[in-house]
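Chemist: Got a predicted structure here, sequence first:
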Amino acid sequence: MPVRVLTYNICRGGTGKEDQIAAVIAAVEPDITVFQEATVPAVVEHVATRMGMGQWAASKGESLAFMSRRPVRHFEWHHPRLSRHAFLEIEPGPGELRIFGLHLSALYSAWTERHRVIELRNLLASIARHQHGFHLLAGDFNTLAPGDMLDFRKLPRRLRALVWLSGGTIRWKTIRLVLDAGYADAYRLIHGAEVGHTFPSWAPHVRLDYFFTPSGFANRVRQCEIVHHPAAAVASDHLPLLVDVEFA
């Protein structure tokens, strides 16, 4: 059975941008949308209601939220040790698929990259009992994949200073950890070396948003696309990422 999943960081709760966010999402008609920075439940409710989604869930102060076209079987926030944000587990319905929504710590520096590695290790340990089955990791990882480049000249001055203070060189290890754990990068499966930049939405120059699935299920990925829409640049600072997968 095909399912279409969208991951979307809606920037600081999305308050005041509900209609633009809904317009961007409506253009691709996902079955399930996983939100990051969805800290205001009323925003998620507004978007879900406008789009006629059968179920939604958000919790004040939690970054992760979701809405679904059909009722889901189970969802739960988990709080791994030393992680800034909870991750959100979603079981869409009958079948084996699970979706794990993530939002790792932000900012570019050697210090924050080391913390993202700790967060991700704890998260992978938390979901290890499901790694034998088909699942997706979805969200804003706030880091670069191996081989991707960051033009530090495009960073605000305060962020360039943070990189310099943390040693001047960032060894991007978080995504390598995911790949070494046996996951496939859904965007790379479809697009190869194409850059796939998702941030910032008005002038994308870095890829922060990802879908991963265990490599043994890579053939289930049918499509993975960045969503470009006229409202996207004002709806959020991230462009959403869409994946189509098949599951039994």
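Modeler: Sure, I can see it.
Chemist: Can you tell me how far residue 66 is from residue 184?
Modeler: Taking Cβ to Cβ, to the nearest Å as the measure, residue 66 falls 23 Å from residue 184. To be clear about C-beta, it is placed using only N, CA and C from the backbone, and glycine gets the same treatment.
Chemist: On the three-state scheme, residue 224 is what?
Modeler: strand (DSSP: H, G, I helix; E, B strand; the rest coil).
Chemist: ok, how many other residues are close to the closest residue to it other than its chain neighbours?
Modeler: Distance criterion Cβ to Cβ, 6 or more residues apart in numbering; nearest residue to residue 224, sequence neighbours excluded, is residue 186 at 4.2 Å. Using other Cβ atoms under 10 Å, residue 186 has 28 neighbouring residues.
Chemist: Contact partners for residue 186?
Modeler: 136, 210-213, 221, 224, 243 (Cβ atoms under 8 Å, 6 or more residues apart in numbering).
Chemist: same deal with residue 225?
Modeler: Residue 225 neighbours (Cβ under 8 Å, 6+ apart): 190, 241-242.
Chemist: Return the per-residue confidence for it.
Modeler: At residue 225, the model reports a pLDDT of 98.
Chemist: Low-confidence bits of the chain, can you list those?
Modeler: 107-110, 130-131, 151-171, 248 (pLDDT under 70).
Chemist: before we move on, back to that, more neighbours: which of residue 66 and residue 184?
Modeler: residue 66 (27 against 19).
Chemist: Give me the next element, helix or strand, following the host helix or strand of the more buried one.
Modeler: Applying DSSP states H and E as the criterion places residue 66 in strand 65-68. Sequence-wise, the next helix or strand downstream of strand 65-68 (DSSP H and E) is strand 74-78.
Chemist: quick one: the top helix by length along the chain to strand 74-78, angle?
Modeler: Identified as the longest helix of the chain according to DSSP state H is helix 110-126. Per axes from the mean of the first three to the mean of the last three Cα atoms, to 10 degrees, the angle that helix 110-126 makes with strand 74-78 is 140 degrees.
Chemist: related to what we said a few turns ago, same list (the contacts of residue 225) but as a markdown table, adding secondary structure and distance to residue 59.
Modeler: Below are the contacts of residue 225 laid out as a markdown table (DSSP: H, G, I helix; E, B strand; the rest coil; distance: Cβ to Cβ, whole Å):
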| residue | secondary structure | distance to residue 59 |
| --- | --- | --- |
| 190 | helix | 33 |
| 241 | strand | 23 |
| 242 | strand | 24 |
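Chemist: one step back: chain center to the strand holding residue 66: distance?
Modeler: Offset of strand 65-68 from its chain centre (Cα atoms, centre = their mean, to the nearest Å): 13 Å.
Chemist: Pull that strand out as PDB, backbone CA atoms only.
Modeler: In PDB, the C-alpha atoms belonging to strand 65-68 read as follows (Å, rounded to 0.1, in the frame of the first residue of the first chain):
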ATOM      1  CA  ALA A  65       3.700  17.000  16.000                       C
ATOM      2  CA  PHE A  66       1.800  15.300  13.300                       C
ATOM      3  CA  MET A  67      -1.400  15.200  11.300                       C
ATOM      4  CA  SER A  68      -2.800  12.300   9.300                       C
END
